[in-house]
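> test case, fold it:
(one chain, ligands or ions: 2)
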Amino acid sequence: MKIPVDDIPQSPKEIKFSESIGELNEAYAKGSAGDFRFPPFLDVDLVYYRSGRQIFFQGLLGGSLEGRCSRCLKDFTFTLRKNFDFVLSPDRDKSDRKIAELSREDLGLSTYSTDEINLAPLIREQVVLGLPTRPLCAESCRGLCGGCGVNLNCEACLCSAAGDDPRLEIFRTLKVGR
Ligand SMILES: [Zn+2]
Ligand SMILES: [Zn+2]
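Ligands and ions are numbered 1, 2, ... in the order given. Predicted structure coming up:
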């Protein structure tokens, strides 16, 4: 979604739109954290307005994502819903643009320097901020057995039966630690 700066009113304006976030799949595929798969679009409810030269955005994004459980390594679907708000200030000093862009990345400050605000990268940033740090298929996920590797959500294994014997506690601790 792109919004012309001149069209941004002083009284809050509300819009709903779908934002393309498919690019996140490529970004994540490159990194080591290939633990999420993103749909091509997410729904965004957005309110925006200007105050002086600053532009304020508040909204809610939502959609269905896929994650890979960090305990049992199974893929699962989850709903991401995230409230967000951010403010854009004009990037006044064009001669310092390079520095401004560097510090924007470093400090999380956001500026605009064009006649039109492209929301796509800002929304994608909010999606990333809304991701769980450790994806879990369920809070209660029991993960994989550190001994034999079976998915403990689906089946019991002999290791855990043996683990009930307190005399074997020391071995279990050694095996499971990761
Ligand atoms: Zn799991
Ligand atoms: Zn086992």
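
> ranges for the strands of the protein?
Counting by DSSP state E, the chain has strands at residues 2-4, 13-20, 36-37, 41-51, 54-68, 75-90, 111-112, 116-118.

> of those strands, which is nearest ligand 2?
strand 54-68 (20.9 Å; Cβ to the ion). From N, CA and C alone the C-beta is placed, and that goes for glycine too.

> how far away is the residue nearest to S51 when sequence neighbours are not counted from D115?
Distances taken as Cβ to Cβ, 6 or more residues apart in numbering put Q10 closest to S51, at 7.0 Å, once the chain neighbours are dropped. Separation of Q10 from D115 (Cβ to Cβ, to the nearest Å): 18 Å.

> repeat for F36
In terms of Cβ to Cβ, F36 sits 34 Å off from D115.

> the more surrounded of these two?
Neighbour totals were compared for F36 and D115, and F36 leads with 19 against 8 (other Cβ atoms under 10 Å).

> the more buried one contacts L65, doesn't it?
Yes: contact criterion Cβ atoms under 8 Å: F36 and L65 qualify, at 6.0 Å.

> quick one, phi/psi of the residue nearest to S51?
Main-chain dihedrals, Q10, degrees, to the nearest 10: phi -80, psi -30.

> what's the burial count for it?
9.

> that one contacts G52, doesn't it?
No: the pair Q10 and G52 fails to qualify as a contact (Cβ under 8 Å) at a distance of 9.4 Å.

> quick check: closest non-adjacent residue to E19.
I123 (4.5 Å).

> what's the answer for R124, then?
Excluding the flanking residues, the one nearest R124 by Cβ to Cβ, 6+ apart is I21, at 5.4 Å.

> per-residue pLDDT, that neighbour?
On pLDDT, I21 comes in at 94.
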